[in-house]
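Enquirer: Below is the structure, and that's it, no one-letter string:
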């Protein structure tokens with residue numbers, strides 16, 4: 001194994017100079033930096049980060065605790081955004097996934113403490129309220145895609161009410177006046193806030209109660225969420241006869257497309273369709289392509305790291321700030 005001493009000998013500089021170059025410290029003469037970098041390349045030297053952590057008080061490690069973020073194509077963008085921002089700031093993101101069978105957030109937080117993390121990000125798969133113990137106040141901690149039930153942490157969430165309001169306004173601007181909303185489980189925060197935005201837009205346009213219909217496409221049985229989009233969609237299309245349908249998620253829009261086709265109608269021509277998520281490749285695979293509100297997961301991940309580093313600089317470990325990140329409409333051909 002090549003040592004830092006060997007690099008110093010080849011470069012013709014001191015051991016300390018090599019150390020400063022490796023650790024990207026300022027104040028080293030450009031010619032010496034060039035000598036050290038040339039020697040490092042020639043010898044194939046790799047810094048011993050473990051030894052460096054022992055010497056330094058700052059580890060540059062950010063702990064990321066997640067429920068199922070790393071296993072879902074949509075919310076994995078949160079992790080990607082956090083990772084990209086961490087790299088840009090010279091930090092390393094250390095990811096810990098909760099065991100779905102035995103979820104223990106405190107245990108993973110202890111792991112982060114043992115690895116001397118500078119701060120913690122807790123990310124959730126969907127917008128929800130989560131309970132945290134006081135151990136989460138040991139380090140600067142930021143919540144992403146969730147809020148604390150005690151409202152005692154900085155949280156970053158999508159602005160679901162704005163998303164529901166904006167996409168409904170776009171449907172109304174296009175001339176649709178009989179709109180059905182196939183919403184998610186009503187116990188979910190996102191579903192509640194999107195419905196609030198949906199109703200706000202309808203009220204502003206002066207639509208009556210008879211001009212819209214809200215149905216639930218998910219039901220919970222024995223703590224399991226069951227998708228009932230197909231039967232609900234067909235019933236709404238036959239009985240309410242909407243000229244536009246807003247879906248709670250892109251996966252539901254797939255079933256809706258099939259239901260519309262089975263009834264002999266055309267999406268975008270006879271019935272407008274809009275949705276939420278911009279989930280993976282689904283919107284562009286559908287024909288016509290699906291207009292949907294993109295959830296700002298990547299931006300939320302980046303903001304989580306940025307806010308965490310700000311908290312660390314100000315030595316403010318806890319804050320009750322709520323950051324709502326706007327969703328954007330991916331306007332395609334479905335309405």
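Expert: Right, received. Where do you want to start? Just so it is clear, the model here is predicted, and its values are computed rather than measured.
Enquirer: and this protein, what are its domains?
Expert: Following automatic domain parsing, the chain resolves into domains at 4-55, 61-158+297-327, 160-294.
Enquirer: Relative to the whole chain's centre, how far out is stretch 299-311?
Expert: 12 Å (CA atoms, centre = their mean, to the nearest Å).
Enquirer: contacts for that stretch?
Expert: Here stretch 299-311 makes contact (CB atoms under 8 Å, 6 or more residues apart in numbering) with 62, 77-86, 89, 91, 93, 119-121, 123, 140-142, 144-145, 154, 156-158, 317, 319, 323, 325. Placement of C-beta: from N, CA and C, glycine included.
Enquirer: residue ranges of the strands in the stretch 51-200 of the chain, please?
Expert: When assigned using DSSP state E, counting those that start in this stretch, the strands of the stretch 51-200 of the chain occupy the ranges 61-66, 92-97, 119-130, 141-148, 154-158, 179-183.
Enquirer: For those, give me a markdown table that also has distance to residue 288 and mean neighbour count.
Expert: Formatted as a markdown table, the strands of the stretch 51-200 of the chain follow (distance: least, CB to CB, whole Å; neighbours: other CB atoms under 10 Å):
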| stretch | distance to residue 288 | mean neighbour count |
| --- | --- | --- |
| strand 61-66 | 35 | 24 |
| strand 92-97 | 37 | 17 |
| strand 119-130 | 27 | 22 |
| strand 141-148 | 30 | 25 |
| strand 154-158 | 25 | 25 |
| strand 179-183 | 18 | 25 |
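Enquirer: Can you lay out those as JSON lines showing distance to residue 312 and mean pLDDT?
Expert: Rendered in JSON lines, the data for these read as follows (distance: least, CB to CB, whole Å; pLDDT from 0 to 100):
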{"stretch": "strand 61-66", "distance to residue 312": "9", "mean pLDDT": "94"}
{"stretch": "strand 92-97", "distance to residue 312": "15", "mean pLDDT": "92"}
{"stretch": "strand 119-130", "distance to residue 312": "6", "mean pLDDT": "93"}
{"stretch": "strand 141-148", "distance to residue 312": "10", "mean pLDDT": "96"}
{"stretch": "strand 154-158", "distance to residue 312": "12", "mean pLDDT": "97"}
{"stretch": "strand 179-183", "distance to residue 312": "39", "mean pLDDT": "98"}
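Enquirer: how about those in TSV, adding distance to residue 284?
Expert: Shown next, in TSV, are the strands of the stretch 51-200 of the chain (distance: least, CB to CB, whole Å):
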stretch	distance to residue 284
strand 61-66	27
strand 92-97	29
strand 119-130	23
strand 141-148	24
strand 154-158	21
strand 179-183	21
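Enquirer: Residue 9 is nearest to which of the ones you listed?
Expert: Closest approach to residue 9 among the strands of the stretch 51-200 of the chain (CB to CB): strand 92-97, 29.8 Å.
Enquirer: neighbouring strands for that closest one, and are they parallel or not?
Expert: strand 61-66 (parallel) (DSSP bridges).
Enquirer: how about low-confidence regions in this structure?
Expert: Within the chain, the stretches with pLDDT under 70 are 48-58, 69-71, 73-74, 316-319.
Enquirer: Excluding its own residues, what touches stretch 29-39? List them.
Expert: 7-8, 10-13, 17-18, 21-22, 28, 45.
Enquirer: just these now: which is nearest residue 200?
Expert: Residue 200 lies nearest to residue 22 out of the contacts of stretch 29-39, by CB to CB, at 56.1 Å.
Enquirer: so where do the helices sit in the chain?
Expert: Shown for the chain, the helices assigned by DSSP state H span residues 4-11, 15-22, 30-43, 49-55, 76-88, 105-114, 160-173, 189-204, 229-239, 250-262, 282-285, 297-314.
Enquirer: Who are the packing partners of the first one?
Expert: This points to helix 4-11. In terms of contacts (3 or more CB pairs under 8 Å, 6 or more residues apart in numbering; DSSP states H and E), helix 4-11 is packed against helix 15-22, helix 30-43.
Enquirer: Just name the most buried of these.
Expert: helix 15-22 (a mean of 18; mean count of other CB atoms under 10 Å).
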